[in-house]
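Undergrad: sequence plus predicted model, see below.
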Amino acid sequence: MQVIGLTGNIGCGKSTVSSLLSRLPQVLVVDSDSLAKTILSDQRHKNSLQKILGEEVFESDTINFKRVAQIIFHNKLTRVKLEKFIHPLVWTSIDKIVKETPSNTLVIVESAIIYETKMESYFGGIIVVTCPTDVQFSRLTTFRGMSSEQIKARLSQQISSAEKVVRANYVIDTDCTLDELKQRVFNLYKQIKGGQS
């Protein structure tokens with residue numbers, strides 16, 4: 001079985017590439033963010049999360065993800081504590097999914113922080129999604145309503161795109177039309193599968 005990591009900094013188009021890959025034959029995309037949210041929403045972890053994040057992140061028994069994001073992006077110590085709690089649980093879930101997946105399936109694990117969490121050795125290869133900085137900022141301001149300061153704060157917590165590209169096995173630049181991107185993703189798929197569609 002091939003297990004490939006898919007990463008890239010905020011606003012580079014990682015989710016779009018992930019979505020396109022998921023439509024191709026014998027591909028399973030595992031979204032680590034979705035797994036993390038499922039784990040955070042699990043009532044079994046409520047007490048642990050309250051100790052790390054404070055009681056204000058819960059409304060009744062439901063976790064408020066916007067409040068979590070605000071806390072961890074403004075408090076590095078809290079973010080580190082949460083990462084130490086959540087990351088092992090996420091990777092345990094990923095490993096379980098991989099082991100239960102048929103061997104002829106290409107498993108793509110989407111995660112923004114593969115390099116930051118030093119998990120690259122888990123994969124048979126890493127895809128890095130990238131685009132020019134001006135395109136990245138334009139997307140984030142237009143589609144997410146983020147300010148330049150908010151974008152810079154997020155990026156300061158990530159390894160630069162340039163370094164990720166150097167360390168990658170595969171690179172996709174998303175500064176193109178959707179049709180062109182579909183073709184780039186399909187070409188990459190064929191390359192990973194060894195030329196077999």
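TA: Cool, got the structure.

Undergrad: ok, residues contacting the lengthiest helix in the chain?
TA: Assignment by DSSP state H gives helix 76-100 as the longest helix of the chain. Residues outside helix 76-100 that contact it (CB atoms under 8 Å, 6 or more residues apart in numbering) are 1, 3, 28, 30, 32, 35-36, 39-40, 45, 48-49, 52-53, 68, 71-73, 107, 109, 117, 119, 122, 157. For every residue, glycine as well, the C-beta is placed using N, CA and C.

Undergrad: again, 6 Å this time
TA: By CB atoms under 6 Å, 6 or more residues apart in numbering, the residues outside helix 76-100 that reach it are Val3, Val30, Ser32, Leu35, Ala36, Ile39, Ile52, Ile71, Ile72, Val107, Val109, Thr117.

Undergrad: what are the phi and psi angles of the residue of the chain positioned farthest from its centre?
TA: Within the chain, Ser60 marks the point farthest from the mean C-alpha position, 28.5 Å out by CA atoms, centre = their mean. Dihedral angles of Ser60 (phi, psi; degrees, to the nearest 10) stand at phi 60, psi -120.

Undergrad: and for Gln157?
TA: Note on Gln157: its backbone torsions stand at phi -100, psi 0 [degrees, to the nearest 10].

Undergrad: kindly provide the distance from it to Glu56.
TA: Distance, Gln157 to Glu56, using CB to CB, to the nearest Å: 22 Å.

Undergrad: tell me which of the contacts of helix 76-100 is nearest to Phe137?
TA: Closest to Phe137 out of the contacts of helix 76-100 is Ile72 (21.9 Å), distances taken as CB to CB.

Undergrad: residues contacting that closest one?
TA: By CB under 6 Å, 6+ apart, the contact set of Ile72 is Thr78, Arg79, Leu82.

Undergrad: many thanks, have a good one.
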